[in-house]
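**Q** build me a model:
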Amino acid sequence: MKCSCAGLTDPGLLRSVNQDAYHIDDRGRFFVVADGMGGHAGGQEASRIATDAIQAYLEEHWDSTEHSKTLLEAALLEANQAILQDQATHPERSDMGTTAVVLMFRDDQPWCAHIGDSRLYRLRQDQLEQITEDHTWVARATKLGEISPEQARMHPWRHILSRCLGREDVRQIDVQAIELQPSDRLLLCSDGLTEELPDGVISARLQSISSGDQAAIALVNDAKDQGGRDNITVVIVSIDPSDWNNLPAQ
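**A** Predicted coordinates:
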């Protein structure tokens, strides 16, 4: 399946080290964004290790008979083990971890896997929808009605993750099939983007700028204009409408 894609990462205005990482498969099969944590060296290593491990696993097992859902889950669990092994070798990085969000096109079906609060969005016409559900304390509290979405946006605990890679208790990964239409656009991003920009601004940029590269630059610059307090990473994927007949019926 043909698609156009663009990616960009930036340290932001306050961080001296970029702890985000991303990967765009050169055949357009899968895309990864990871946001590391655990000190400068730890976070940077965790996101790199996870991205490299996911890439390597998917490439090695792409033509296997494994179901795509199983394949994606296994790739992220493999990344978790790679981080744990690095922690054992480098005790100074024992607290490192990372989020991860992966978009994959296999057997002409889009799939998403994620852990943490890096997100996948789908833009359909003028509606931006968050496909992933943040694994954070505030997301759970909001879902239970304990706090409002407005309170969640400014809550002092909004960065506390309930799940991430680099932990012994990671046993399963959220994986879902994604439904697409020909005009849809997909955005993978770290929370350095969503902490600074409301969905309306993100949606407007994706609607008004057809070039993925230019849209990515605009979103990163917008986030920096609003403070750029964290590392910012975006990956934008658009399906080639001329290739739409290759997708299964929705």
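
**Q** name the element Tyr57 belongs to?
**A** Assigned by DSSP states H and E, Tyr57 falls within helix 39-61.

**Q** in that helix, what's buried?
**A** 39, 42-55, 57-58 (16 or more other CB atoms under 10 Å). (C-beta placed from N, C-alpha, C; glycine too.)

**Q** residue closest to the middle of the protein?
**A** Computing the C-alpha centroid of the chain and ranking residues by CA atoms, centre = their mean puts Val101 first, at 3.2 Å.

**Q** quick check: it is in a strand.
**A** Yes: the assignment for Val101 (DSSP: H, G, I helix; E, B strand; the rest coil) places it in a strand.

**Q** pretty sure it sits against Ser118.
**A** Yes: contact criterion CB atoms under 8 Å: Val101 and Ser118 qualify, at 4.3 Å.

**Q** re the thing from before, what's the helix holding Tyr57 packed up against?
**A** strand 20-24, strand 30-37, helix 68-89, strand 97-98, strand 100-106 (3 or more CB pairs under 8 Å, 6 or more residues apart in numbering; DSSP states H and E).

**Q** now it: average pLDDT?
**A** Mean pLDDT, helix 39-61: 94.

**Q** so it versus helix 68-89, what angle?
**A** 140 degrees (axes from the mean of the first three to the mean of the last three CA atoms, to 10 degrees).

**Q** what's the angle between helix 39-61 and strand 20-24?
**A** 20 degrees.

**Q** next one: helix 39-61 to chain centre, how far?
**A** 13 Å (CA atoms, centre = their mean, to the nearest Å).

**Q** need the contact partners of it.
**A** Under the criterion CB atoms under 8 Å, 6 or more residues apart in numbering, residues 16-23, 25, 29-30, 32, 34-38, 71-72, 74-76, 78-80, 82-83, 86, 90, 92-93, 95-98, 100, 102, 104, 165-166 lie in contact with helix 39-61.

**Q** residue ranges with poor pLDDT in the chain?
**A** The chain contains residues with pLDDT under 70 at 1, 40, 141-148, 150-158, 241-250.

**Q** one more pass at 50, please.
**A** Across the chain, the ranges flagged by pLDDT under 50 are 247-250.

**Q** who's in contact with Cys164?
**A** 37, 97-99, 115-116, 135, 170.

**Q** related to what we said a few turns ago, Lys224: which of the helices and strands packed on helix 39-61 is closest?
**A** strand 20-24 (13.9 Å; CB to CB).

**Q** what residues does that closest one touch?
**A** Contacts of strand 20-24 (CB under 8 Å, 6+ apart): 5, 7, 9, 30-36, 44, 47-48, 50-51, 54-55, 188, 190, 192, 231-233, 235.

**Q** change it to 6 Å
**A** 5, 7, 9, 31-35, 47-48, 51, 55, 190, 231, 233, 235 (CB atoms under 6 Å, 6 or more residues apart in numbering).
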